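Engineer: Based on what follows, work out the 3D shape:
(one chain, ligands or ions: 2)
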Amino acid sequence: MHIASAIFDCSAPDLDSCPDESLPEFAFIGRSNVGKSSLLNLLAGKENFARVSPTPGFTKLINIFTMNKTWRLVDLPGYGFAEGARKARFKFNRAVDEYLRHRQSLCCVFALLDSGLPPQDIDLYFIAWLARNSVPFVLVFTKTDKVKPAEVEANIAAFTARISGWFEKLPTIHACSATAKHGREELLGVIDEALKVIQAGAGPDQPEAEAPLAAPAAPGRKESARTARKRRPDLARPW
Ligand SMILES: Nc1nc2c(ncn2[C@@H]2O[C@H](COP(=O)(O)OP(=O)(O)OP(=O)(O)O)[C@@H](O)[C@H]2O)c(=O)[nH]1
Ligand SMILES: [Mg+2]
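Structural biologist: Ligands and ions are numbered 1, 2, ... in the order given. As a prediction, this is how the structure comes out:
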């Protein structure tokens, strides 16, 4: 997919401050420092678009970018920094929790994992949380330039083995390196496919997706989380 335009929209401190839900969104989430902002920049084809830092916990707000005037990328604060890390449990701020569970225009989450590490409890907790909350996601193993390909393979296989019993169908798995600029086309392809399904109206076996993705809630009306989830297009649900 060609990225003709990439525009920073806003940094939102909470779900209510996010822009309207008129455009499909694809969000990056994962442990602090896993490479979310870097991967967003790779996909956008712009350096320093989302801000990158070696300091964990750098991204603190919900950063929203509009691509090709028709869809959005969302850079989220990570988990596993500060007290969450000590407890070896994922923990992120309330805004991210609410965004992931209630944002109706959220099509798919890119759940990032460090390809150089064996399965981490904190990531396993998070993937279980995504599944429990019916958040559609694909797995993306990052920083493949830092380790040997065999090690990447072994870590992906070990992670897959840990979660395989949780799903009827395994989540889709991708690998990338923002530094080596690998994985861009593959991940843009995920987005492209999802956008095509939206344009087609709804997936053939996704009857709940008949409600238009882009329809914003009526002003002043808050839907329950349950209703909101039902309205999601479920495009990339891997199970
Ligand atoms: N070698 C290598 N380093 C990377 C890659 N992607 C990101 N990094 C480095 O990892 C560090 C963290 O990158 P970020 O993109 O800021 O990570 P993040 O997940 O957004 O971090 P937070 O905002 O703190 O949650 C930076 O020093 C990046 O340069 C990669 O593919 N390869
Ligand atoms: Mg970041």
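
Engineer: does the longest helix seen in the chain come close to ligand 1?
Structural biologist: Longest helix in the chain by number of residues (criterion: DSSP state H): helix 184-200. No. Helix 184-200 does not reach ligand 1 (CB under 6 Å from any ligand atom); its nearest approach is 11.3 Å. C-beta: built from backbone N, CA, C; applies to glycine.

Engineer: Tell me which other helices or strands that helix touches.
Structural biologist: Here helix 184-200 touches strand 25-30, helix 36-44, strand 106-114, strand 173-175, going by 3 or more CB pairs under 8 Å, 6 or more residues apart in numbering; DSSP states H and E.

Engineer: Same list (those) but as a markdown table, adding mean pLDDT, mean neighbour count and distance to ligand 1.
Structural biologist: Compiled in a markdown table, the helices and strands packed on helix 184-200 are given as follows (pLDDT from 0 to 100; neighbours: other CB atoms under 10 Å; distance: least, CB to the nearest ligand atom, whole Å):
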| stretch | mean pLDDT | mean neighbour count | distance to ligand 1 |
| --- | --- | --- | --- |
| strand 25-30 | 96 | 25 | 6 |
| helix 36-44 | 96 | 24 | 3 |
| strand 106-114 | 97 | 24 | 7 |
| strand 173-175 | 97 | 17 | 10 |
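
Engineer: With ligand 2 as the reference, name the closest of the ones you listed.
Structural biologist: Shortest distance between ligand 2 and the helices and strands packed on helix 184-200, using CB to the ion, is found for helix 36-44: 3.3 Å.

Engineer: Any chance of the helices and strands packed on helix 184-200 in CSV with distance to residue 181 as columns?
Structural biologist: Rendered in CSV, the data for the helices and strands packed on helix 184-200 read as follows (distance: least, CB to CB, whole Å):
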stretch, distance to residue 181
strand 25-30, 17
helix 36-44, 6
strand 106-114, 16
strand 173-175, 13
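
Engineer: Pull up the residues of the chain that are close to ligand 2.
Structural biologist: The chain has residues 36, 37, 59 near ligand 2, with proximity defined as CB under 5 Å from the ion.

Engineer: Buried residues, stretch 126-135. List them.
Structural biologist: 126, 127, 129, 130, 131, 135 (16 or more other CB atoms under 10 Å).

Engineer: Report the secondary structure element holding the closest residue in space to residue 19 that isn't next to it in sequence.
Structural biologist: Excluding its sequence neighbours, the residue lying closest to residue 19 (CB to CB, 6 or more residues apart in numbering) is residue 9, at 5.8 Å. For residue 9, the enclosing helix or strand under DSSP states H and E is strand 6-12.

Engineer: Adjacent strands (with direction) for that strand?
Structural biologist: Strand 6-12 pairs in its sheet with strand 62-67 (antiparallel), by DSSP bridges.

Engineer: close to ligand 1, is stretch 71-79?
Structural biologist: Yes. Contact of stretch 71-79 with ligand 1 (CB under 6 Å from any ligand atom) involves residue 78.

Engineer: what about that stretch, start to end distance?
Structural biologist: Start-to-end span of stretch 71-79 (CA to CA, to the nearest Å) is 25 Å.
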